[in-house]
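# need a 3D model of the following:
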Amino acid sequence: MADKTPKKSATAAKKPAAKKTTKPPKAMPKPKPGEVVLLSGGNPQIAKGYGDAPVQAYIAAMPGWKSDVGHRLDALIESAVPNVSKAVKWNSPFYGVEGEGWFLSFHCFTKYIKVAFFRGASLKPTPPGTSKQKDVRYLDIYEHDELDEAQLIDWIKQASKLPGEKM
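Numbers count the residues shown, from 1 in each chain. Down below sits the predicted model:
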């Protein structure tokens, strides 16, 4: 007798595939009044706003050592560019010249602060961090880095004199 392999029944072949069940994403906990939410990497979630107050709220909410560096960056920018315009956009402080656009921003990451010079490719010497955007250059500041404040002030002054980004 020939070897017969069992065939699937017609009803088994037409059986619908089981539906996959997925859990809904976890909702972000609502912050208590006055509490700041830290996003990925410890970046503070601060409402968009213009002027010094939202920038100071962002800096105060920067976790650990980053807050001290944020205060120092803010002071250096203010001293290098009198009457600098400030804002918080996209959960980052921005610095600019009234009517000329934004020239600098910084952002918290898990292990460092990234300072973005929007026309950094035009600065001399060029800041060390490259970008996918041809004009942008970065300076990454880690916890135990010694800031070269003279160089930073020079870059800030140069950047403030270049055409800024309109955002």
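
# alpha carbons only for contacts and neighbour counts from here, please
Fine.

# output the longest helix belonging to the chain.
As assigned by DSSP state H, the longest helix anywhere in the chain is helix 65-80.

# packing partners for the next helix or strand along the chain from it?
Next helix or strand after helix 65-80 toward the C-terminus (DSSP states H and E): strand 85-89. Here strand 85-89 touches strand 49-50, helix 52-61, strand 92-97, going by 3 or more CA pairs under 8 Å, 6 or more residues apart in numbering; DSSP states H and E.

# so which elements touch the shortest one?
Think strand 49-50. Using 3+ CA pairs under 8 Å, 6+ apart: strand 49-50 touches strand 85-89.

# please, where are all the strands along this protein?
49-50, 85-89, 92-97, 101-108, 112-117, 137-142 (DSSP state E).

# related to what we said a few turns ago, by contact count, what packs against the longest helix of the chain?
Secondary-structure packing of helix 65-80 (3+ CA pairs under 8 Å, 6+ apart): helix 52-61, helix 149-160.

# residues of it that come out buried?
Applying a neighbour-count criterion of 16 or more other CA atoms under 10 Å, one finds 66-67, 69-71, 73-74, 76-78, 80 buried in helix 65-80.

# how far away is the closest residue to Val136 other than its chain neighbours from Glu143?
Once flanking residues are discounted, Val136 sits nearest to Phe118: 4.6 Å by CA to CA, 6 or more residues apart in numbering. Relative to Glu143, Phe118 is positioned 23 Å away (criterion: CA to CA, to the nearest Å).

# who has more neighbours out of those two?
Between Phe118 and Glu143, counted using other CA atoms under 10 Å, the more crowded position is Phe118 (22 against 12).

# how about stretch 103-121: buried residues?
In stretch 103-121, residues buried by neighbour count (16+ other CA under 10 Å) are 103-109, 112-121.

# how long is that stretch from one end to the other?
Across stretch 103-121, first to last residue, CA to CA, it's 12 Å.

# can you tell me which of the helices and strands packed on strand 85-89 is most buried?
Mean neighbours per residue, mean count of other CA atoms under 10 Å, is largest over the helices and strands packed on strand 85-89 for strand 92-97, with a mean of 24.
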